[in-house]
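>>> With the sequence up front, the predicted model follows.
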Amino acid sequence: MKGASLGYLTREGFRNIWVNRLLSLATVVVLVSCLVIVGSGTLIFLNINSVLDLIEDQNVIMVYIKDEANQEQMDTLKNQLLSMENIDKVEFVSREEAFERQKAEYGDKAALLDGLSADILPHAYKVTVKDISQFDLTVSGVKTLENVLQIHENSELAGKLASIRDAVTYVCIGIVAVLFFVSLFIVANTIRITIYNRRLEISIMKAVGATNTFIRWPFVVEGILLGIFSAVFALGIQYAIYAVASIWLSNIMSMLGGSAVNFADYIWHIFGIFIFIGIFIGSFGSVISLNKYLKEHSNVVDND
Amino acid sequence: MIKFENVSKVYEDTNTKALSDFNLEIETGEFVFIVGSSGAGKSTLLKLMMREEVPTTGTININGFDLNKIKKSKIPYFRRSLGIVFQDFRLIQTMNVYDNVAYAMRVIGSRENAIRKRVPYLLGLVGLNSKARSKPNQLSGGEQQRVALARALANNANTIIADEPTGNVDPKMSYEIVDLLNHINADGTTVIMVTHDLHLVKTFNHRVITIKNGVIESDCPDASHIDVEPYRFENPEDTVGSYFVEESGEDLDYLFQNYAVDVSAEDYNDPAETLTVEETNGEESDAE
């Protein structure tokens, strides 16, 4: 396709949006609605994830060290722990620290510990895992290491958290996928009306010998442009909705010790998703509708 | 050249036999009227000519293209050798006359400078330079059909297929349109005109092919066998063909200004130039 023709057909795409402005508006409204629902789903997912991160941070493995281990062996153990794949950080908790914490936990009844020294407790490493779904595997790995006296872990909580995260992820992906196809279907149908409105032009194009690539191009340009417009509008609307929603979201999150995800941190990610979905659905919707039209209805002699 | 050999067409979905054992040969430069009642097979014949349908049996060869073997991707290039006009004009109402004609060139990828030369020339040819900026709904039926004819000629088609071009216009305008087709034919373009108007056929007295029930009932070199009166107008010189002597007025200036037309006014009126302009042939019409 030559530059001049490409330019003309691209301008036609722009012109078509204006000429068929009511249908263009309908397409944009449908796309924006779908994008905002997708965006809201993504933001809910991000917030649930951040809650899960908070809880996960509290879910640690306590690795108690044998009394006979010397400093060098303890360091080796720490390095071995750190070199394990799923371990995020390893923090040393001395027996004195643990004893003090124990006393603090006993509160008024701390006197019970009088006469005892910190020596009754072992030194320990507080290990935080990266992926909670690999929790059991990591625990069994830690157990095989030398100088490990005992392990204290809460695999039940870890398991629950992992399954919640999985469920949230799958539900979100499912919702996005369903919405994606729903949008594609609606946009393809809206564009089909546009195509039907312009059947005369298509019929003339075919009669004078325009190739299908030439016939498709203005519609694809139109689809892409509508996708971009929709993405921009959707981002603005999403921002406004989240600004309102984050007020009560922050209240819930603060009860859990966290805060609502900041929209600005994810603005480019969300815009990227919107642009991608907008352009893809806009152009693909056009191509689907037009191919179907060119195959089934587009006649030269009878223009019906 | 157009050649149909033993062509038959059966629509399988309705099991209708539209054409059977159809043999036809039209030489380059001929003017042929195709007549027949509704349902005779005229529409199928045009669909086969435009390669919108393929024959059930037999072979079709048009302008060097074998329509049985032509690849789908080549059909648009084949169609550029044909220009088609319809009874209902099929002009785009949102575009002015100039853009309607230019549209046919733009959508096959012609260069803008070629369009700026060719369109005013074609509008001059059909006598509508003064209406270049009018919208189709501001024109009479006859004028609209002339725009459609200019559009059909835009890509240098060597064959014009006219599907009842006079069906929506009064007898005088019908005469004008066929008179114009006659002029176009005189310069070597093949013209195939489907019509119901036997008076016109009689008036212009060209080869007449009559189709009935999907077969050629008769194929006569002239209209002598048709028993109707030809059209007669009181002062044909005053009313008919007057668009050919159109002077370039202020609207031509409009074309110069708005479309940067870079050909001289003589180009429009030079009869020798009529329909022999070759500035927009294949190599300028890249489609992919």
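Received the coordinates, thanks.
>>> remind me which residues of the stretch 101-250 of chain A are low pLDDT?
Along the stretch 101-250 of chain A, the parts satisfying pLDDT under 70 run over A:155, A:158.
>>> can you list the residues of it near chain B?
Taking Cβ under 8 Å from any Cβ of the partner chain as the criterion, the neighbours of chain B within the stretch 101-250 of chain A are A:200-201, A:203-215. In this view, the C-beta of every residue, glycine as well, is placed from N, C-alpha and C.
>>> Now the two most distant members of those residues.
Greatest spatial distance in these: A:Leu200 and A:Thr213, 20.0 Å, computed using Cβ to Cβ.
>>> where along the stretch 51-200 of chain A do the helices fall?
For the stretch 51-200 of chain A, the helices identified by DSSP state H, counting those that start in this stretch occupy A:71-83, A:95-106, A:135-143, A:155-197, A:199-207, in order along the chain.
>>> Got the confidence number for the nearest residue to B:Val194 once chain neighbours are set aside?
In space, not counting the residues next to it along the chain, B:Val194 is nearest to B:Ile34; the distance is 4.7 Å by Cβ to Cβ, 6 or more residues apart in numbering or on different chains. As predicted, B:Ile34 sits at a pLDDT of 94.
>>> remind me which residues of the stretch 101-250 of chain B are low pLDDT?
For the stretch 101-250 of chain B, the ranges with pLDDT under 70 are B:234-250.
>>> So which bits of stretch B:198-215 are buried?
Using 16 or more other Cβ atoms under 10 Å in any protein chain shown as the burial criterion, the residues of stretch B:198-215 that qualify are B:198-204, B:206-211, B:214-215.
>>> Quick one: distance of it to the chain centre.
Chain-centre distance of stretch B:198-215: 17 Å, with Cα atoms, centre = their mean, to the nearest Å.
>>> Let's see the distance spanning that stretch from one end to the other.
19 Å (Cα to Cα, to the nearest Å).
>>> Same check on stretch A:191-208?
Counting by Cα to Cα, the length from the leading to the trailing residue of stretch A:191-208 is 24 Å.
>>> which residues are in contact with that stretch?
Counting by Cβ atoms under 8 Å, 6 or more residues apart in numbering or on different chains, stretch A:191-208 makes contact with A:16, A:20, A:23-24, A:27, A:214-215, A:219, A:222-223, A:285-286, A:289-290, A:292-294, A:297-300, A:303, B:50, B:76, B:79-80, B:83-84, B:90, B:92, B:103-104, B:107-108, B:151, B:154-155, all of which sit outside it.
>>> List buried residues within these.
A:16, A:20, A:23-24, A:27, A:214-215, A:219, A:222-223, A:285-286, A:289-290, A:293, A:298-300, A:303, B:50, B:76, B:79-80, B:83-84, B:90, B:92, B:103-104, B:107-108, B:151, B:154-155.
>>> so the residue nearest to B:Val194 sits in a strand?
Yes - judged by DSSP: H, G, I helix; E, B strand; the rest coil, B:Ile34 forms part of a strand.
>>> Make sure A:Ile228 is actually in contact with A:Gly278.
Yes - between A:Ile228 and A:Gly278 a contact is recorded at 6.2 Å, counting by Cβ atoms under 8 Å.
>>> returning to that earlier point: list only buried entries from the residues of the stretch 101-250 of chain A next to chain B.
Buried residues within those, defined by neighbour count using 16+ other Cβ under 10 Å: A:201, A:203-212, A:214-215.
>>> separation between A:Lys295 and chain B?
In this structure, A:Lys295 and chain B are 11 Å apart, going by Cβ to the nearest Cβ, to the nearest Å.
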